[in-house]
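K.L.:
Just to be clear, the model below is a prediction. Sequence and coordinates:
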Amino acid sequence: MSLDQIHIIAIAGAGTMGAGIAQICAQAGFRTMLYDLNLDMLDRARSANRNSIEMLVQKQRITPEEAGQILSRLSYTQELEQLKADVVIEAIIEKLEPKQELFKALAEINGPATILATNTSSIPVTRIAAGIPHPERVAGFHFFNPAAVMKLVEVISGAATAPEVAQLLEELAKKLGKTPVHAADSPGFIVNRVARPYYVEALQILEEGVADFETIDQLMESLGFKMGPFRLMDLIGVDTNFSVTSAMYESFFYDGKFRPSRIQQQKVAAGHHGRKSGRGFYNYTQQA
């Protein structure tokens with residue numbers, strides 16, 4: 001398959017990341033399907049995409065006619081059987097078993113030429129591809145939040161990934177307006193492995209009572225970081241960040257430097273997932 005043979009892209013998972021990926025695929029001219037079992041998630045994704053595209057019109061980055069064309073290329077479905085595409089991008093929960101189950105189902109729906117790409121941020125692609133028919137077409141395609149804004153995309157080859165599949169995904173990333181980088185199939189790949197101490201150490205400081213989270217954020221931002229660790233966790237999703245840390249902790253055989261935080265676990269248990277839930281480390285319901 002070549003880039004000009006990619007016409008339909010499907011995204012499985014209508015969370016913040018999945019919705020963002022769907023939008024940029026439609027903006028790049030691809031017929032795009034967004035799938036989720038949860039109707040509320042699909043409705044929120046549809047609303048978020050429409051609002052985002054309308055904002056582009058207001059900023060005069062696209063015309064109203066272009067906005068209409070983009071929206072016409074987007075479709076939403078609860079039916080997994082409809083996900084027949086040239087490329088399927090998985091963006092579901094950061095757990096191995098659900099990803100494997102989804103890919104096995106997608107492999108039954110699609111032919112061996114369909115590329116199965118995972119947006120995993122921490123789980124080795126080789127583990128996800130294990131037991132999937134034609135694992136040579138399984139690769140990592142890791143976007144960063146917010147997907148519509150962040151330029152970097154990590155392309156990860158598993159042990160069985162065909163080189164031409166990784167190359168095609170790099171070309172696709174460029175078509176989507178992104179900057180691809182090829183990463184080895186190691187837990188956390190490049191960015192999340194490097195960034196993990198930023199969160200873990202900040203949470204450790206908070207646990208030990210050295211400083212409160214607002215002070216830590218203020219200090220890091222005063223040093224030039226655009227966002228402090230707690231403000232950034234709220235943006236990414238406290239639950240997502242906790243899942244990534246937990247997955248890396250397990251993948252690195254419980255190396256202490258990746259140990260998840262009890263404070264973060266409590267936030268997740270309380271439903272304080274950050275901006276998307278209205279409350280994380282900060283309370284967003286009180287903001288105008």
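P.N.:
Here it is on my side, so go on. Numbers count the residues shown, from 1 in each chain.
K.L.:
what does the lowest-mean-pLDDT helix or strand in the chain contact?
P.N.:
Every helix and strand in the chain was compared by mean pLDDT, DSSP states H and E; the lowest is helix 238-251, with a mean of 92. Identification of contacts with helix 238-251 by C-beta atoms under 8 Å, 6 or more residues apart in numbering yields 93-96, 121-124, 187-188, 192-193, 196, 199-200, 233, 255, 258-261, 264-265, 267-268, 272-274, 280-281. To be clear about C-beta, it is placed using only N, CA and C from the backbone, and glycine gets the same treatment.
K.L.:
Dump stretch 21-36 to PDB, keeping only the CA atoms.
P.N.:
Output in PDB follows, covering the C-alpha atoms of stretch 21-36 (Å, rounded to 0.1, in the frame of the first residue of the first chain):
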ATOM      1  CA  ILE A  21      -7.100  12.300  15.800                       C
ATOM      2  CA  ALA A  22     -10.300  11.900  13.800                       C
ATOM      3  CA  GLN A  23     -10.500  15.600  13.300                       C
ATOM      4  CA  ILE A  24      -7.000  16.000  11.900                       C
ATOM      5  CA  CYS A  25      -7.600  13.000   9.600                       C
ATOM      6  CA  ALA A  26     -10.700  14.600   8.200                       C
ATOM      7  CA  GLN A  27      -8.900  17.900   7.800                       C
ATOM      8  CA  ALA A  28      -6.200  16.200   5.800                       C
ATOM      9  CA  GLY A  29      -8.900  14.900   3.300                       C
ATOM     10  CA  PHE A  30      -9.500  11.400   4.500                       C
ATOM     11  CA  ARG A  31     -12.900   9.800   5.000                       C
ATOM     12  CA  THR A  32     -12.800   9.200   8.700                       C
ATOM     13  CA  MET A  33     -14.900   7.000  11.000                       C
ATOM     14  CA  LEU A  34     -14.900   7.400  14.800                       C
ATOM     15  CA  TYR A  35     -16.000   4.400  16.800                       C
ATOM     16  CA  ASP A  36     -17.000   4.000  20.400                       C
END
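K.L.:
Can you list the buried residues in it?
P.N.:
21-28, 30-36 (16 or more other C-beta atoms under 10 Å).
K.L.:
Which of those fall within strands?
P.N.:
Judged by DSSP state E, strands contain the following of the buried residues of stretch 21-36: 31-35.
K.L.:
and which of these is nearest to Leu169?
P.N.:
Thr32 (16.1 Å; C-beta to C-beta).
K.L.:
Taking the contacts of helix 238-251, please make a PyMOL selection of just the buried ones.
P.N.:
Selection command for PyMOL covering only the buried members of the contacts of helix 238-251, criterion 16+ other C-beta under 10 Å:
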select buried, resi 94+96+121+122+123+124+187+188+192+193+196+199+200+233+258+260+261+264+267+268+272+273+274+280+281
